[in-house]
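**Student:** here is the input, now give the coordinates:
(one chain, ligands or ions: 1)
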Amino acid sequence: MSDFNFLSEELLQLQRDNLIRQLLPIDSAAGVTVKINGSEKILFCSNNYLNLAENPEIIAAAKNAMDKFGFGSASSRLISGSITPHIDLEKKLAKLFGKQAALVLPTGFMTNLAVLQTIPQKGDLLLLDKLVHASIIDAAKGSQAQFRTYHRTQFDKIEKFLASDEYERKFIVTESVFSMDGDFADLKKLVELKKKYNAYLIVDEAHAFGCLGGRGAGLAEELGLLNDVDIVVATLSKAAGCTGGFVAADKCVIDYLINKARPFIYTTAPLICNSAAGICAVDIIEKAVDKRKKLKENADYLRAKLNKLGFDTAGSTSHIVPVIIGDNEKTVKLSKRLFDEGFLVVAIRPPTVPPGTARLRISLQSDHTKTQIDSLCDAIVI
Ligand SMILES: Cc1ncc(COP(=O)(O)O)c(C=O)c1O
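**Tutor:** Modelled structure (predicted):
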């Protein structure tokens with residue numbers, strides 16, 4: 001038998017550094033509360049921002065689709081796996097984002113791989129915010145284009161890259177709501193720069209889709225900039241309460257992806273019931289003005305309380321509110337104590353966030369009550 005000591009050693013080191021990660025078995029739906037080992041915890045670390053993961057209409061849509069189409073999709077999209085719910089969902093998403101076409105993929109991670117490793121080509125530049133999601137970084141690393149990073153306030157650095165004649169085409173890539181700090185990208189400024197230098201702008205609205213904008217299309221919609229974003233990437237896995245990623249753009253971009261994007265071509269189509277659920281979720285999202293309002297009120301309430309108590313919330317302006325602790329061990333201890341007191345808020349540590357910025361990443365749901373938020377704040381302080 002081969003031994004795997006080379007892995008065990010590294011795992012032990014992760015343990016010593018308070019960086020070990022373990023799976024937590026949850027035995028209920030991921031609502032405002034969850035059941036773990038028979039006891040109830042208030043959930044403050046889920047991306048189920050609008051509580052759609054347990055929405056009865058969405059569940060019924062999935063069940064109906066299962067009755068009609070079965071469960072597995074049995075083939076990749078280009079072979080025999082393009083089923084009407086996939087196509088209807090794509091039409092709906094294209095319309096919501098004001099684009100000519102859209103494409104759904106099994107995950108948001110794969111969508112970033114598909115877009116960023118297919119559209120920018122050899123000789124091009126991918127210009128990324130330093131703290132973008134791992135899927136964007138990994139996609140950029142495997143892209144034929146070169147990639148460079150900037151800090152989100154370094155507009156002079158972005159401009160220098162955009163002005164360079166070293167590259168054929170330049171693509172600015174950003175999240176709209178940053179997943180770990182909960183702040184917003186300065187989309188207005190990025191649009192201004194992309195226009196000035198004739199660059200392309202790709203925006204990942206993973207954490208904004210459903211939560212921001214009059215119809216829930218995200219930050220670009222909220223700012224009136226939907227037409228200025230060339231390619232929108234997002235996921236159905238967060239506020240929409242389903243799973244799967246999607247991209248919306250010009251038809252020619254989508255046709256190109258269908259023909260060339262390996263993470264789209266060489267994988268089985270998304271579950272049909274998931275796409276049917278997605279159609280229902282988008283219908284709900286478009287009208288979910290009250291849920292968005294409540295989510296914002298909850299976030300503003302929590303942030304104000306934490307700031308008053310002297311906690312650093314890293315410039316958060318959204319429903320993601322980090323409490324920066326810094327030290328890994330202290331963060332893990334705080335998360336464990338909160339768990340014992342009835343809250344699930346996982347400790348986020350490097351490499352997910354930069355060294356020295358370990359944190360509790362609190363994410364709000366529209367169904368959280370002020371009493372639940374108060375009790376969390378009380379527990380954090382003690
Ligand atoms: C900004 C961002 N993009 C993409 C993803 C990946 O989406 P998915 O979970 O659907 O793979 C995530 C989170 O998981 C994310 O935070």
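**Student:** against residue 16, how distant is whichever residue of the chain sits closest to the ligand?
**Tutor:** The chain approaches the ligand most closely through residue 108 (2.3 Å), counting by CB to the nearest ligand atom. C-beta: built from backbone N, CA, C; applies to glycine. Relative to residue 16, residue 108 is positioned 33 Å away (criterion: CB to CB, to the nearest Å).
**Student:** the two: which is more packed in?
**Tutor:** A side-by-side neighbour count of residue 108 and residue 16, using other CB atoms under 10 Å, places residue 108 first with 24 against 9.
**Student:** pLDDT at the more buried one, what is it?
**Tutor:** Reading off the per-residue confidence, residue 108 sits at a pLDDT of 98.
**Student:** which residues touch it?
**Tutor:** By CB atoms under 8 Å, 6 or more residues apart in numbering, residue 108 lies in contact with 135, 204, 206, 233-235, 237, 244-245.
**Student:** if I pick residue 352, what's in contact with it?
**Tutor:** With contacts defined as CB under 8 Å, 6+ apart, the neighbours of residue 352 are 134, 180.
**Student:** phi and psi next, for it.
**Tutor:** Phi and psi for residue 352, reported as degrees, to the nearest 10, are phi -60, psi -40.
**Student:** show me what from the stretch 201-350 of the chain comes close to the ligand.
**Tutor:** Contact residues (CB under 6 Å from any ligand atom) of the stretch 201-350 of the chain with the ligand: 204, 206-207, 235, 237, 245.
**Student:** so which of these belong to strands?
**Tutor:** 204, 235, 245 (DSSP state E).
**Student:** tell me the centre residue of the chain?
**Tutor:** With the centre of the chain defined as its mean C-alpha position, the nearest residue by CA atoms, centre = their mean is residue 206, 3.4 Å away.
**Student:** pretty sure residue 381 sits against residue 309.
**Tutor:** Yes - the pair residue 381 / residue 309 is scored as a contact, 5.9 Å apart, by CB atoms under 8 Å.
**Student:** could you give the mean pLDDT of stretch 48-61?
**Tutor:** Model confidence over stretch 48-61, given as mean pLDDT, is 98.
**Student:** pLDDT (mean, whole number) over stretch 191-210?
**Tutor:** Averaging the model's pLDDT scores along stretch 191-210 yields 98.
**Student:** and that stretch, end to end?
**Tutor:** Its first and final residues considered, stretch 191-210 spans 22 Å by CA to CA, to the nearest Å.
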